[in-house]
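S.K.: need a structure here:
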Amino acid sequence: TEFNPQLSPSGAYLVYTRSTVVQPPQTVVVRLEDGVETLLEEADVSELLASGYVPPEEFVTLAADGRTEIHGLLYRPPVLPAGGKAPLMVGQYASPLMAACPRSYMGAVTGLGLLVSSATWAALGCAVILLDARGTTGRSRAFATAGQGKLNLIGMDDYVAAIRQLGERHAWLDTGRVGILGGS
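M.R.: Model prediction:
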């Protein structure tokens with residue numbers, strides 16, 4: 001990248017890379033004096049998209065308690081299987097130590113340490129959900145401790161509630177065929 005005249009050689013700057021599950025990584029320079037950003041580079045994901053990768057869709061459902069918002073990701077298969085309905089895989093990591101949903105583009109592509117990434121299952125014709133159910137970290141103390149004393153069941157009732165709600169929203173989702181994968 002050529003030098004940008006908007007950036008002066010003096011002053012304080014922050015250089016960082018950012019992304020979301022749908023926004024490829026961008027490296028930017030921020031001038032701390034006034035917050036002006038300059039884009040240095042953006043990852044070229046055109047070949048990834050051309051290969052059939054579909055970024056996941058962020059969604060919100062209600063937890064099994066009917067009150068608490070639960071955030072998750074839904075990976076759609078690029079092509080629906082014969083019959084027009086996709087079986088569902090649930091990528092689950094029941095731990096109060098980390099969230100289950102990736103927050104970055106590369107995390108969405110490669111997964112969070114599952115043996116087979118969610119994007120791979122989607123490419124094979126399955127829908128996949130990842131859910132930050134009650135009992136995972138990253139929100140309030142009450143949210144994170146919701147699974148206390150139930151480590152082997154953290155969030156399972158929230159997964160069931162989310163699957164039912166997503167099935168109502170998406171006719172192409174086969175909630176009668178659900179598999180689960182996870183690890184620790």
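
S.K.: Quick one: list the elements packing against the longest helix along the chain.
M.R.: Using DSSP state H, we find that the single longest helix of the chain is helix 156-169. For helix 156-169, the packing partners by 3 or more CB pairs under 8 Å, 6 or more residues apart in numbering; DSSP states H and E come out as strand 57-62, strand 69-75, strand 86-92, strand 127-132, strand 173-182. Bear in mind the C-beta positions are built from the backbone N, C-alpha and C, glycine included.

S.K.: swap the cut-off to 6 Å and go again
M.R.: Using 3 or more CB pairs under 6 Å, 6 or more residues apart in numbering; DSSP states H and E, the elements in contact with helix 156-169 are strand 173-182.

S.K.: Can you list the buried residues in the longest helix of the chain?
M.R.: Using 16 or more other CB atoms under 10 Å as the test for burial, helix 156-169 gives 156, 158-159, 161-163, 165-167.

S.K.: now do stretch 60-73
M.R.: Here stretch 60-73 shows 61, 63-64, 68, 70-73 as buried, counting by 16+ other CB under 10 Å.

S.K.: in this structure, what secondary structure element scores lowest on mean pLDDT?
M.R.: helix 141-144 (a mean of 70; mean pLDDT, DSSP states H and E).

S.K.: picking up where we left off before, please identify which pair of the buried residues of stretch 60-73 lies farthest apart.
M.R.: Ala64 and Leu73 (18.9 Å; CB to CB).

S.K.: Flag the shaky bits of the protein, pLDDT-wise.
M.R.: 1-10, 93-98, 112-115, 140, 143-145, 147, 149-154, 183-184 (pLDDT under 70).
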